[in-house]
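Participant: Fold the stuff below for me.
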Amino acid sequence: MEYFLSEAHFNQLFIGKDFVYLMKRVEDDYQYIRLNQAAQSLLSKEAIGKMLSAISSRRNFAIIQENYHQAIALNAQVDYMDYAYFDSEVRKYETSVRPIQFGNDHYILAITKEILYDRNIEDKFLFMRSMFDHAFFSTVILSADGVIYEANASFMEDFELSNDTLKHQLFIDLPIIPQEEIENIQHYLKRAALGENIEEKLIKFHTLEKRQRMYLVSLSPVMLGDNSFAIFLIMQDFTQFTEQKAELRSKSHGLEVFKAALNSATSIAILDIEGNIVEVNELFLQASGFTASELIGQPYNLIEPRYHTENFLQTINETLDEGEIWRGELCYRTKYHADYWVEAAIVPLKNEFGKVEQYLSINYDITDKKRMLTELKNIERTFRLITENTNDLIVITNEDGIIIYASPSYRIYLGYEIVELQGQFYSNIVDMESKKAWQTFLNNFTGQTDTQLELLLKAKDGTPVWTEGNVTVVHDPERETVSQIMMVSREITHRKERENDLLYLAYHDSLTQLPNRRYLMKEFPKILADAHTNNVCLAMLYIDGDDFKVVNDQFGHDTGDDFICNFGHVLIASVRSHDLVIRIGGDEFIIVLTGLTRDHEARNAQMMHIIDRIRNGLKKGWTINHRHFAPTASIGIAYFPDHAKTLDALIDLADQALYKAKEFGKNKLYITETH
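Facilitator: Numbers count the residues shown, from 1 in each chain. Take a look at the predicted model:
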């Protein structure tokens, strides 16, 4: 376009107050090619060469793009009007869009004129609609009867709806309105239709994916005389605020719980900036022997000077003056001049400006630990004599879990020489199954007293060895950051094996080794959850062997037991790996078929395929004491979710279906009827 319409010619052609733009179409966007002086004063000359989408708001771009596209498609002039708000004045503009084609390129010549107009009711409505298009909040224009005229972009984006699907629908018929809110919204619409302004009603909506949203909704009538002919509905998304309020309430509750837990676990004192006591909890009073009235307002001078030098106290003050937390051991003096030791943390409490206003002193009583450490030092030789002649597994590690001492019993039970263990991480001999428990303890032992741990260790030859131990953390009274962990364990491998055997017996039938009814009750919630997640069906097959009593009566209970075991083996061999076979008792079994399709015909085909395999397996039979048995079985069937949605209901229906099947004779099946 440069060689037939220069910038100078363009400005000479379009002199005046009208805004004139020459635009080149670039895919679905438009590039500024020429701007007259009026347009340059509005947009600045730097707009030339830039894209319309980069300069315009999303709403304006959509309006302009639609009209430009239409003019090119029709190869005809397109006129449209819009409103803008400048310097407290509403201005009305009319734009004429003329298409130009040069070579293979499409251009647009757009001329925008300001129109002086009488603000009649139609213009007011059009202006309000233009304004509502710019609104940040979700906004909908309704008729007095609640029919949707139009919705702005924010509303459609919030709820993923399109304007075409909204127009001429009743607002209360939209799928985003929950059933429980319809009556309230109808009431507000009726009041607005009568000319009443409805302000800030909290209403629940949900998206098409049923995600709940909370909005503050205001309804404003547009009046013509004494009657309203439209309703403006403005919706402010309150979801995040509501969620934050709930979260704040939850955190506040959690903070109160934490405070209560802290108060019950440790002694606490709050000091002012001068070191005077402001508040103490009950544990602090119990430990010190003072009453609250004797302490509050007094200097924090309980620290026993015999154990703490002036330099030590000065170090505490310097740390706190820097706004940092001081941690360490302190010896306090009670009201009766007795000593007690604490593991203390003194925390500066700052206001919103970062200035320290108070100090929080958290004190864990370690008097017994200090006494224990002293006693341990006094009886170290005796301790070694005991540990070296005991069957207990005794180990001492540092705070990182590195072995300092291991008793000779580690050589007896695990095959390690003591020199192989010293200096190594204790976790090196902990089996993978117990590594997490051991590491969790190491990460959290500060402040703990005695802890019990069950750990699976690995012997030098790889043999697993279960141990049960008591763990004690001992803090060095002379070195603040040094602790030692002492664990006294005993070997419990045989006990663990017995526990596992008992656990297995609790959930399995002792004769067939199949899972029992207790196992079914434990596992069924997971099976049910998987069925919900994968949108599949379950089938409950209640199976009863035909004429089992005859086998018992004719051949004895030993043969009957073998018969039941073989019966169960056939069932296991006939089902899929993810199905479940349960022995209820006698010759009664339950099979839970999982992962069945919801399609009735296909599901029946899946199930009958498995039942045919069961029948063929029974027909093939087995031999016990030179006698061949080829039994048949009656089967009652119930489906989830068609017939029932709980385990007890499914078993009951399948059991009833079994009796129905037996009414028809042997080797029959009956499927519960759907009501």
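Participant: Can you give me every residue that contacts Lys458?
Facilitator: With contacts defined as C-beta atoms under 8 Å, 6 or more residues apart in numbering, the neighbours of Lys458 are Leu414, Ile429, Val430, Asp431, Pro464, Val465. For every residue, glycine as well, the C-beta is placed using N, CA and C.
Participant: That one and Thr397, how far apart?
Facilitator: 17 Å (C-beta to C-beta, to the nearest Å).
Participant: And Val280, by the same measure?
Facilitator: 37 Å.
Participant: which residues of the stretch 551-675 of the chain score low on pLDDT?
Facilitator: Low-confidence segments of the stretch 551-675 of the chain (pLDDT under 70): 675.
Participant: all helices of it, in order?
Facilitator: Ranges of helices in the stretch 551-675 of the chain, per DSSP state H, counting those that start in this stretch, are 600-620, 647-663.
Participant: Could you say which one of the ones you listed comes nearest to His475?
Facilitator: helix 647-663 (53.0 Å; C-beta to C-beta).
Participant: elements contacting the closest one?
Facilitator: On a contact count with 3 or more C-beta pairs under 8 Å, 6 or more residues apart in numbering; DSSP states H and E, helix 647-663 meets helix 517-534, strand 537-545, strand 633-640, strand 669-671.
Participant: Can you read off the backbone torsions of the nearest residue to Ser288 once chain neighbours are set aside?
Facilitator: In space, and not counting its chain neighbours, Ser288 is closest to Thr334: 5.4 Å by C-beta to C-beta, 6 or more residues apart in numbering. Main-chain dihedrals, Thr334, degrees, to the nearest 10: phi -80, psi 180.
Participant: Could you tell me how far Thr334 is located from Val342?
Facilitator: Relative to Val342, Thr334 is positioned 12 Å away (C-beta to C-beta).
Participant: Okay, strands next: where are they in the stretch 451-600 of the chain?
Facilitator: Using DSSP state E, counting those that start in this stretch, the strands assigned to the stretch 451-600 of the chain run over residues 464-475, 483-491, 537-545, 580-585, 588-596.
Participant: okay, the ones you listed in CSV with mean neighbour count next?
Facilitator: Listed next are those as CSV, based on neighbours: other C-beta atoms under 10 Å:
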stretch, mean neighbour count
strand 464-475, 19
strand 483-491, 20
strand 537-545, 24
strand 580-585, 20
strand 588-596, 21
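Participant: Tabulate those strands in a markdown table, adding columns for distance to Ile176.
Facilitator: Below are the strands of the stretch 451-600 of the chain laid out as a markdown table (distance: least, C-beta to C-beta, whole Å):
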| stretch | distance to Ile176 |
| --- | --- |
| strand 464-475 | 57 |
| strand 483-491 | 59 |
| strand 537-545 | 32 |
| strand 580-585 | 42 |
| strand 588-596 | 35 |
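Participant: Out of those strands, the one nearest Ala406 is which?
Facilitator: Using C-beta to C-beta, the nearest of those to Ala406 is strand 483-491, at 10.2 Å.
Participant: and the closest one, which strands flank it?
Facilitator: The pairing partners recorded for strand 483-491 under DSSP bridges are strand 393-398 (antiparallel), strand 464-475 (antiparallel).
Participant: Need the ones you listed in a markdown table (columns: mean pLDDT and distance to Gly423).
Facilitator: Shown next, in a markdown table, are the strands paired with strand 483-491 (pLDDT from 0 to 100; distance: least, C-beta to C-beta, whole Å):
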| stretch | mean pLDDT | distance to Gly423 |
| --- | --- | --- |
| strand 393-398 | 84 | 10 |
| strand 464-475 | 82 | 19 |
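Participant: out of the strands of the stretch 451-600 of the chain, nearest to Leu503?
Facilitator: strand 464-475 (14.3 Å).
Participant: Distance from the chain centre to that closest one, please.
Facilitator: Remark: strand 464-475 is offset 35 Å from the chain centroid, using C-alpha atoms, centre = their mean, to the nearest Å.
Participant: Kindly export that strand (C-alpha atoms) in CSV.
Facilitator: Only the C-alpha atoms of strand 464-475 are listed here, as CSV (Å, rounded to 0.1, in the frame of the first residue of the first chain):
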residue,chain,number,x,y,z
PRO,A,464,16.4,-61.2,58.1
VAL,A,465,16.3,-60.7,61.9
TRP,A,466,13.4,-58.9,63.6
THR,A,467,14.2,-56.9,66.8
GLU,A,468,12.1,-55.0,69.3
GLY,A,469,13.9,-52.3,71.2
ASN,A,470,13.7,-49.4,73.6
VAL,A,471,15.5,-46.2,72.5
THR,A,472,16.7,-43.6,74.9
VAL,A,473,18.2,-40.2,73.8
VAL,A,474,20.9,-38.9,76.1
HIS,A,475,22.0,-35.3,75.8
